[in-house]
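In: Mind folding the following:
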Amino acid sequence: MFQLGAIGIERSQLGLGGSQRRKCLLNVQLRADTALETAVGQIERGLIFLDRAALHVNFGIGVSYRFSEDWSAGFEFENEREINGWAVFSHRQWMGSGYYTGPTIHYGGQHFFATLTWWQQLPIAKNYMDPSLIKDGYDDDVDFEHTRVRLKFGYYF
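Out: Next comes the predicted model:
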């Protein structure tokens, strides 16, 4: 089992904490991952920043297969929830929920690693605060893009 904490800045959000769990199967060629990430940001509607905090909670799962010594490819699924303030368990404070899935490719060399992921929003999104933002099952809110591309890069010290 592997754990990794994370901190980073994305748009107007400060990501605090996060964990990753990894289970290796078939002599480390097939791997299953889960991830939980949180981020705190300001609630924005268009160009207006409201004076309230928004909590983003992302839960992801994925599988990957290492096809050579340094390369692996896989598939990921992620659920992102946006919550008004800190009331995580109060459904009245939930703002939106989007689901994403897509392929990923990873290079892990001796001195650095890079992971490229392409996600497409699934048409099963919910917007609890403004249901008019749901069009054909997709959330058109500013925090729920239809397509996301993520590049992670790291250098081993």
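
In: center of this structure, which residue is that?
Out: When C-alpha atoms, centre = their mean is applied to the chain, the residue found nearest the centroid is residue 58 (5.0 Å).

In: strand partners of the helix or strand containing it, parallel vs antiparallel please.
Out: Element membership of residue 58 [criterion: DSSP states H and E] is strand 48-66. In the sheet, strand 48-66 lines up against strand 30-45 (antiparallel), strand 71-84 (antiparallel) (DSSP bridges).

In: what about residue 143, distance to residue 58?
Out: As judged by C-beta to C-beta, to the nearest Å, residue 143 and residue 58 stand 11 Å apart. The C-beta positions use only the backbone N, C-alpha and C, and glycine is treated the same way.

In: cool, and residue 149?
Out: Look at residue 149 and residue 58: by C-beta to C-beta, they are 16 Å apart.

In: again with residue 141
Out: Residue 141 is 15 Å from residue 58, by C-beta to C-beta.

In: Residue 134 now?
Out: Taken as C-beta to C-beta, the span from residue 134 to residue 58 is 20 Å.

In: Next: residue 81.
Out: In this view, residue 81 and residue 58 are 8 Å apart by C-beta to C-beta.

In: do the same with residue 131
Out: 22 Å.

In: Name whatever forms a beta bridge with residue 107.
Out: residue 71, residue 114.

In: Can you read off the pLDDT for it?
Out: On pLDDT, residue 107 comes in at 96.

In: Can you report how many residues neighbour it?
Out: If you count neighbours by other C-beta atoms under 10 Å, residue 107 ends up with 14.

In: residues contacting it?
Out: Residue 107 is in contact with 70-71, 113-115, counting by C-beta atoms under 8 Å, 6 or more residues apart in numbering.

In: Which of those residues lies at the shortest distance from residue 96?
Out: Taking C-beta to C-beta as the measure, residue 96 lies nearest residue 115 of those, at 25.9 Å.

In: so where's the protein shaky on pLDDT?
Out: Applying pLDDT under 70 to the chain flags the ranges 1-28, 41-52.

In: go with 50
Out: Applying pLDDT under 50 to the chain flags the ranges 1-17, 47-50.

In: looking at this, residue 132 is in a helix?
Out: Yes - counting by DSSP: H, G, I helix; E, B strand; the rest coil, residue 132 is found in a helix.
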